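Visitor: got a predicted structure here, sequence first:
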Amino acid sequence: VRCEAWKEVSGKEIKFVNLDVAKEYDLLVQLIKEEKPDSIVHFAEQRAAPYSMKNSKTKRYTIDNNVSGANNLCCAVIDSDVDAHIVHLGTMGVYGYGTSGGEIPEGYIDVILPGGREANILHPAYPGS
């Protein structure tokens, strides 16, 4: 349904492959070798924070799935010898900021980029994960 919706709004086709990146590593490497992507958007994670804290079983599943999936994707890009950018979609909550007591900067902040170039960039807002 989402692939059809994309085609409807963009006029372009997008391929969908159903595989478990946390468990089907060889298929993931094969897919990356075949497709030779420039970029990979990684949002193959168990996404419900309340579910992940229900009990020890759901906590273990979340860690096993999310960490293994992200690690497998990084390794598969290297093993496939494809120079692809990985874009990871997630929330600031994965870094533990929600309970740290510290403030997360929001809005535009001044930074120094590699090579010493100064820039004013938009910093992501705390999504309340």
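Guide: Looks like it came in fine. Numbering: from 1, shown residues only.

Visitor: can you map out the helices along the chain?
Guide: 2-10, 25-35, 49-52, 56-79 (DSSP state H).

Visitor: hey, least reliable of the ones you listed by pLDDT?
Guide: For the helices of the chain, the weakest mean pLDDT is recorded on helix 49-52, namely a mean of 72.

Visitor: list the buried ones in that one?
Guide: residue 52 (16 or more other Cβ atoms under 10 Å). (Glycine included, C-beta is placed from N, CA and C.)

Visitor: got it, and stretch 30-41?
Guide: Here stretch 30-41 shows 31-32, 37, 40 as buried, counting by 16+ other Cβ under 10 Å.

Visitor: and the end-to-end length of it?
Guide: 17 Å (Cα to Cα, to the nearest Å).

Visitor: circling back to that earlier point, CSV please, covering the helices of the chain and showing distance to residue 110.
Guide: CSV is the format used below for those (distance: least, Cβ to Cβ, whole Å):
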stretch, distance to residue 110
helix 2-10, 36
helix 25-35, 37
helix 49-52, 31
helix 56-79, 30
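
Visitor: to residue 118, which of the ones you listed lies closest?
Guide: helix 56-79 (30.2 Å; Cβ to Cβ).
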